[in-house]
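Asker: With the input below, show me the fold.
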Amino acid sequence: MTPGGPILVVDTATTRAVIALGSADGTLRAARDWVAGYRHGEDLLTRIEGLLRDEDVTAAALGGLVVGTGPGAFTGLRVGIATVKGLAHALGLPVAGVATGEALLAAAREEPVASLVLLQPAGPSDRVLTRHGELPRIVAGGDDPGLRAGETLVAVDLADRAPADAVERGERAHARLAATLLLEGAARLARGDADDLARLVPEYVTLPRGVQATLPDAGVDVTGGVP
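Answerer: Residues are numbered from 1 along each chain as shown. Got it, this is the predicted structure:
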């Protein structure tokens with residue numbers, strides 16, 4: 001660990017995995033994303049190693065880590081957060097977990113954040129809806145998301161299940177996700193506001209059969225009710 005050294009960003013909450021490298025003041029240095037689908041674990045570490053190598057940064061020179069915490073599917077989030085926790089333990093690095101949903105809303109900055117609503121998939125038919133400052137909630141397949149007056153929809157990973165303009169907003173927001181995660185995470189690390197690794201948990205929207213969420217993981221309202 002190098003105090004004030006570069007910050008590594010990892011997000012695996014969506015089907016497009018994101019890794020990035022930036023400075024301690026939140027300035028983006030390099031970012032990469034790729035279509036991981038639901039196979040984030042196949043080459044995440046290899047991609048991270050490649051980014052560090054290409055930017056001529058050693059792991060020992062890193063000053064901190066930022067990881068997206070979701071909402072997202074079980075496999076992707078588990079891989080990303082477990083990888084970051086492993087690096088943190090091995091290198092003695094502080095970690096800031098940042099909600100991916102909030103970051104995507106902040107990245108869709110053509111509109112005030114308060115008027116944006118993020119929609120992501122939750123399994124083959126359900127969706128998860130995120131409003132700024134509110135607990136994400138599940139919207140059952142076929143149900144209307146229930147937008148409030150003046151709200152604008154941002155859709156991610158819903159190319160065939162959401163209006164085209166919402167999908168376009170989602171694509172633009174995702175293109176800025178790395179920079180947004182870095183800015184928020186770097187600010188927290190600069191304040192000394194690192195997460196306790198034992199309490200750093202993802203916001204799952206779907207779990208494999210037989211897996212039950214424990215209380216620390218209970219970050220999504222699955223009742224389907226409007227908050």
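
Asker: Gln120: what secondary structure?
Answerer: In three-state terms, and counting by DSSP: H, G, I helix; E, B strand; the rest coil, Gln120 is strand.

Asker: In this structure it contacts Val154, no?
Answerer: No: the pair Gln120 / Val154 is not scored as a contact, 9.4 Å apart, by C-beta atoms under 8 Å. Quick note: C-beta positions are derived from backbone N, CA and C, even for glycine.

Asker: ok, these two, which is more surrounded?
Answerer: In this view Gln120 and Val154 are compared by other C-beta atoms under 10 Å, and Val154 has more residues nearby, 30 against 27.

Asker: Quick one: classify that one as helix, strand or coil.
Answerer: Secondary structure state of Val154, per three-state DSSP, is strand.

Asker: and the gap between it and Val57?
Answerer: Separation of Val154 from Val57 (C-beta to C-beta, to the nearest Å): 32 Å.

Asker: Domain ranges for the protein, per the record?
Answerer: Split into domains by automatic domain parsing, the chain comes to 7-100+176-217, 102-173.

Asker: And the closest residue to Ala187 other than its chain neighbours, how far from Ala179?
Answerer: Setting aside the residues directly before and after it, Ala187 is nearest to Gly26 in space (C-beta to C-beta, 6 or more residues apart in numbering), at 6.3 Å. Gly26 sits 8 Å away from Ala179, going by C-beta to C-beta.

Asker: for Pro71, same thing?
Answerer: The gap separating Pro71 from Ala179 is 20 Å, by C-beta to C-beta.

Asker: which of those two has more neighbours?
Answerer: More crowded of Pro71 and Ala179, by other C-beta under 10 Å: Pro71, with 30 against 18.

Asker: ok, that one - contacts?
Answerer: Contacts were defined as C-beta atoms under 8 Å, 6 or more residues apart in numbering; by that measure Pro71 touches 13, 100-101, 120, 122, 128, 130, 136, 203-205, 219-220.

Asker: just the strands in the chain please.
Answerer: For the chain, strands defined by DSSP state E occupy the ranges 7-11, 16-22, 28-35, 64-68, 72-73, 95-98, 116-122, 126-131, 137-139, 152-155, 204-206.

Asker: Any chance of these in CSV with mean pLDDT as columns?
Answerer: Supplementary listing: the strands of the chain in CSV, determined by pLDDT from 0 to 100:
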stretch, mean pLDDT
strand 7-11, 98
strand 16-22, 97
strand 28-35, 97
strand 64-68, 98
strand 72-73, 88
strand 95-98, 98
strand 116-122, 95
strand 126-131, 94
strand 137-139, 92
strand 152-155, 95
strand 204-206, 74
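
Asker: Switch those over to JSON lines; also include distance to His174.
Answerer: Below are the strands of the chain laid out as JSON lines (distance: least, C-beta to C-beta, whole Å):
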{"stretch": "strand 7-11", "distance to His174": "10"}
{"stretch": "strand 16-22", "distance to His174": "6"}
{"stretch": "strand 28-35", "distance to His174": "8"}
{"stretch": "strand 64-68", "distance to His174": "11"}
{"stretch": "strand 72-73", "distance to His174": "12"}
{"stretch": "strand 95-98", "distance to His174": "15"}
{"stretch": "strand 116-122", "distance to His174": "11"}
{"stretch": "strand 126-131", "distance to His174": "14"}
{"stretch": "strand 137-139", "distance to His174": "20"}
{"stretch": "strand 152-155", "distance to His174": "10"}
{"stretch": "strand 204-206", "distance to His174": "17"}
